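A.B. asks: Turn this into a model:
(chains A and B)
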There are 2 protein chains.
Amino acid sequence: MKGLSYTEAGVDTALYHRLLDRVRPLIEATQGPQVAAGVGPFAGLYELPGLGWLAASADGVGTKVKVAVAAGRHGDVGADLVNHCVNDIATAGARPLFLLDYFACGRLDAEVFPQVLAGLAAACQRAGCALLGGETAEMPGLYAPGDYDLAGFVVGLVEPGRLPDPARVGPGDLLLGLPSSGLHTNGYSLARKVFEGVALDSVLPGLDGPLAEVLLAPHRLYREELERLQGRWKTAAHITGGGLVENVPRALPEGLAAELQTSRWEVPAIFGVLQERGRISREQMFGTFNMGLGMVLVCPEPVEGLPVVGRVIEAGAGPRVVLKP
Amino acid sequence: MKGLSYTEAGVDTALYHRLLDRVRPLIEATQGPQVAAGVGPFAGLYELPGLGWLAASADGVGTKVKVAVAAGRHGDVGADLVNHCVNDIATAGARPLFLLDYFACGRLDAEVFPQVLAGLAAACQRAGCALLGGETAEMPGLYAPGDYDLAGFVVGLVEPGRLPDPARVGPGDLLLGLPSSGLHTNGYSLARKVFEGVALDSVLPGLDGPLAEVLLAPHRLYREELERLQGRWKTAAHITGGGLVENVPRALPEGLAAELQTSRWEVPAIFGVLQERGRISREQMFGTFNMGLGMVLVCPEPVEGLPVVGRVIEAGAGPRVVLKP
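C.D. replies: You can find the predicted model right below:
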């Protein structure tokens, strides 16, 4: 039996990058000198002279919403969104100012919509960010009954001197890992394929609780940790779509690679279950999921309490991420 | 035969407002003193001391995307989104800084996605706003093959002294109308219901071109007109979801109403066709569609070239919008 891959689960990130490259000149033509391109790969940066930079990010929660809908649990979808968004701009050294949401459904459900919104507001409060507005769209015919989609858009401020500079990263820098709570908001199309037909209240061997609970664990917020460690990390990678393999290199300058020592941190059980049931290759796992690390910091020195999960090396002609046991 | 209404077409704005009210305290709890609540109803406002206010808005294009998909024409969906977003913050006196988009689909289409994105980038360029980033989500199982959704988030800057103040609006102020290009991005669920079974290449009696062309006319951008007339209008209403009836009062302080003289401007033919075919009440029409006015300015004096479409009156215990012939 052939193992599953993300592409076969219906998500083709290579195609996306190819298509994006086709329109990139048109996008770049819209960007004036205020746009700090090439910096802060997890957030867009717009300079406000004298004040610093506005850092902005748009995100969704992916098909994790399908799991929430199937389980009838909508309280944490908002936290998933807010934490994903706020983490993205935190990698640019930004503190969040405000967030706007986009909630789209076929028909508003009087139970579900307030649950989602209440969770969203509570998560904004915890992240220290104003819920400034949003758009709610009823689009009959586009969404099936019960389904909805949720996207968010956050704006934060990076004070002068606090913008991380990838050029300061060099060979020998350490990679420190911040633990994730599970899948966060990525890889759900593949995970749903793996668990097709499995009841969400099943407790699978090796897992601590019912599948719904494990899969719906909220995306962890790293804002406080990144602020507390300000000055001790050079750059940070938020491990989202594309997993460790695609995201860690976004925190490195060209020519450098990350050597990850995969025995240095504990990979949560859900990833082992996914890999085994889906017969997913190790390469696919690390290229799709966060594997237990929600954020990777590039630091000159160790930091007490954080595992060293690898180090920065010269890339040469090799891959940007090297997995070692 | 009973006429169609927006609620029967699957969109219940009253329910939305009721549900929103339930979570409003949670939302307001996230908003610190930097959030200028109660001002700029078409945009959220966040104060940056010394610099002015950031004005932000989130919008979608509604089920106009379903018409675009059915017609196989994706080039103007981006303009719909950008112009909708930028108009919203222009009513707050903001010039746009940047926009981020959210594109969600079942599976990326190598033809459609670049068309949408190219249109989006071109529209950003025309609106003078950087396309700073975005999120593209492939969500198999949530969107039917060929379907997609598009949302946008814009951030602009309002310079000190340029924030419109509804408190300056008084009885006797004039309402000036800026013509729309058609339905813009609202009322499409109702319109699609009315034209169910009608081929999009039909040229219906009274209409200038094929139905697809009339329905897909891009949302008009009012940024330049609002800037050119800066100082001559007190407040502005962007006529979007909820039509003239819901949106014009958003530009007025409590206690005042708008008297619209509906013979003072030309209602485009598409609205007559919709009303007749759908047997839609006059009240529903004005409460769903823009009826030919994409933006309404509240001005102390007439402005050359713009029709006076009504005036501000005392509301008393009456409705906030009074329709006169």
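A.B. asks: and after the one helix or strand residue A:119 maps to, which helix or strand comes next?
C.D. replies: In the assignment (DSSP states H and E), residue A:119 maps to helix A:112-127. Downstream of helix A:112-127, the next assigned helix or strand under DSSP H and E is strand A:130-138.
A.B. asks: ok, that following strand near chain B or not?
C.D. replies: Yes. Strand A:130-138 is in contact with chain B by CB under 8 Å from any CB of the partner chain, via A:130, A:131, A:132, A:133, A:134, A:135, A:136, A:137, A:138. For glycine as for every other residue, the C-beta is placed from the backbone atoms N, C-alpha and C.
A.B. asks: Which other helices and strands does that strand contact?
C.D. replies: strand A:95-105, helix A:112-127, helix B:13-29, strand B:44-48, strand B:52-60 (3 or more CB pairs under 8 Å, 6 or more residues apart in numbering or on different chains; DSSP states H and E).
A.B. asks: Just put the ones you listed in a markdown table and tack on mean pLDDT and mean neighbour count.
C.D. replies: Shown next, in a markdown table, are the helices and strands packed on strand A:130-138 (pLDDT from 0 to 100; neighbours: other CB atoms under 10 Å in any protein chain shown):
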| stretch | mean pLDDT | mean neighbour count |
| --- | --- | --- |
| strand A:95-105 | 97 | 25 |
| helix A:112-127 | 97 | 22 |
| helix B:13-29 | 92 | 15 |
| strand B:44-48 | 96 | 22 |
| strand B:52-60 | 96 | 28 |
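A.B. asks: could you dump those to a markdown table with distance to residue A:32?
C.D. replies: A markdown table is the format used below for the helices and strands packed on strand A:130-138 (distance: least, CB to CB, whole Å):
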| stretch | distance to residue A:32 |
| --- | --- |
| strand A:95-105 | 21 |
| helix A:112-127 | 30 |
| helix B:13-29 | 33 |
| strand B:44-48 | 19 |
| strand B:52-60 | 17 |
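A.B. asks: Out of those, which is closest to residue B:176?
C.D. replies: strand B:52-60 (21.9 Å; CB to CB).
A.B. asks: picking up where we left off before, what about the helices and strands packed on strand A:130-138, which gets the closest to residue A:161?
C.D. replies: Of the helices and strands packed on strand A:130-138, nearest to residue A:161 by CB to CB is strand A:95-105, at 13.9 Å.
A.B. asks: Now do that closest one against strand B:95-105, angle only.
C.D. replies: 50 degrees (axes from the mean of the first three to the mean of the last three CA atoms, to 10 degrees).
A.B. asks: Show the contacting residues for residue A:105.
C.D. replies: Residue A:105 is in contact with A:112, A:113, A:137, A:138, A:139, A:143, A:147, A:148, A:149, counting by CB atoms under 8 Å, 6 or more residues apart in numbering or on different chains.
A.B. asks: With respect to residue A:224, which of those is nearest?
C.D. replies: Using CB to CB, those come closest to residue A:224 at residue A:149, 28.8 Å.
A.B. asks: I'd like to check which residues are in contact with that closest one.
C.D. replies: By CB under 8 Å, 6+ apart, the neighbours of residue A:149 are A:60, A:65, A:102, A:103, A:104, A:105, A:143, B:104, B:139, B:142, B:149.
A.B. asks: Which single one of the residues you listed is nearest to residue A:322?
C.D. replies: For these, the nearest to residue A:322 is residue A:60 (30.6 Å; CB to CB).
A.B. asks: what is that closest one paired to in the beta sheet?
C.D. replies: Legend: beta-bridge partners of residue A:60 under DSSP bridges are residue A:151.
A.B. asks: Please name the residues that touch it.
C.D. replies: Contact analysis of residue A:60 by CB under 8 Å, 6+ apart lists A:81, A:149, A:150, A:151, A:152, A:185, B:102, B:104, B:135, B:137, B:139.
A.B. asks: Give me the neighbour count for the last one.
C.D. replies: Read that as residue B:139. Neighbours of residue B:139 under the rule other CB atoms under 10 Å in any protein chain shown: 25.
A.B. asks: For residue A:166, see how far away it is.
C.D. replies: Remark: distance between residue B:139 and residue A:166 (CB to CB, to the nearest Å) = 31 Å.
A.B. asks: again, but for the third one
C.D. replies: Computed with CB to CB, the distance linking residue A:150 and residue A:166 is 31 Å.
A.B. asks: Between those two, which is the more surrounded one?
C.D. replies: More neighbours surround residue A:150 than the other of residue A:150 and residue A:166, with 27 against 18 (other CB under 10 Å).
A.B. asks: Nearest to residue A:302, out of the helices and strands packed on strand A:130-138?
C.D. replies: strand A:95-105 (25.7 Å).
A.B. asks: And the pLDDT at the nearest residue to residue A:306 once chain neighbours are set aside?
C.D. replies: Closest residue to residue A:306 apart from its sequence neighbours, by CB to CB, 6 or more residues apart in numbering or on different chains: residue A:176 at 4.3 Å. pLDDT for residue A:176: 98.
A.B. asks: Distance-wise, check residue A:176 relative to chain B.
C.D. replies: Computed as CB to the nearest CB, to the nearest Å, the residue A:176 to chain B distance reads 26 Å.
A.B. asks: Show the residue spans covered by the helices in the stretch 201-325 of chain A.
C.D. replies: Along the stretch 201-325 of chain A, counting by DSSP state H, counting those that start in this stretch, helices occupy A:211-215, A:223-228, A:243-247, A:269-278, A:282-288.
A.B. asks: contacts for the longest one?
C.D. replies: Pointing back at helix A:269-278 there. A:3-4, A:182-183, A:190-191, A:193-195, A:204-208, A:214-215, A:280, A:282, A:285, A:289, A:291-292.
A.B. asks: so what secondary structure elements neighbour the host helix or strand of residue A:89?
C.D. replies: Using DSSP H and E, residue A:89 sits in helix A:77-90. Secondary-structure packing of helix A:77-90 (3+ CB pairs under 8 Å, 6+ apart): strand A:52-60, helix A:64-71, strand A:95-105, helix A:112-127, strand A:148-158, helix A:223-228, strand A:235-238.
A.B. asks: out of these, nearest to residue A:88?
C.D. replies: strand A:52-60 (3.9 Å).
A.B. asks: what number of residues lie near the residue in the stretch 151-300 of chain A that chain B sits nearest to?
C.D. replies: Closest residue of the stretch 151-300 of chain A to chain B, CB to the nearest CB: residue A:153 (3.6 Å). Neighbourhood size, residue A:153 [other CB under 10 Å]: 33.
A.B. asks: ok now do it, which residues does it touch?
C.D. replies: A:56-59, A:85, A:99-102, B:56, B:58, B:100, B:102, B:153.
A.B. asks: any idea how far residue B:258 is from residue A:17?
C.D. replies: Computed as CB to CB, the residue A:17 to residue B:258 distance reads 50 Å.
A.B. asks: Kindly tell me how buried residue A:70 is, as a neighbour count.
C.D. replies: Count around residue A:70 with other CB under 10 Å applied: 15.
A.B. asks: List the single closest residue to it in space, sequence neighbours excluded.
C.D. replies: Using CB to CB, 6+ apart and skipping residues adjacent in sequence, the residue nearest residue A:70 is residue A:200, 6.0 Å away.
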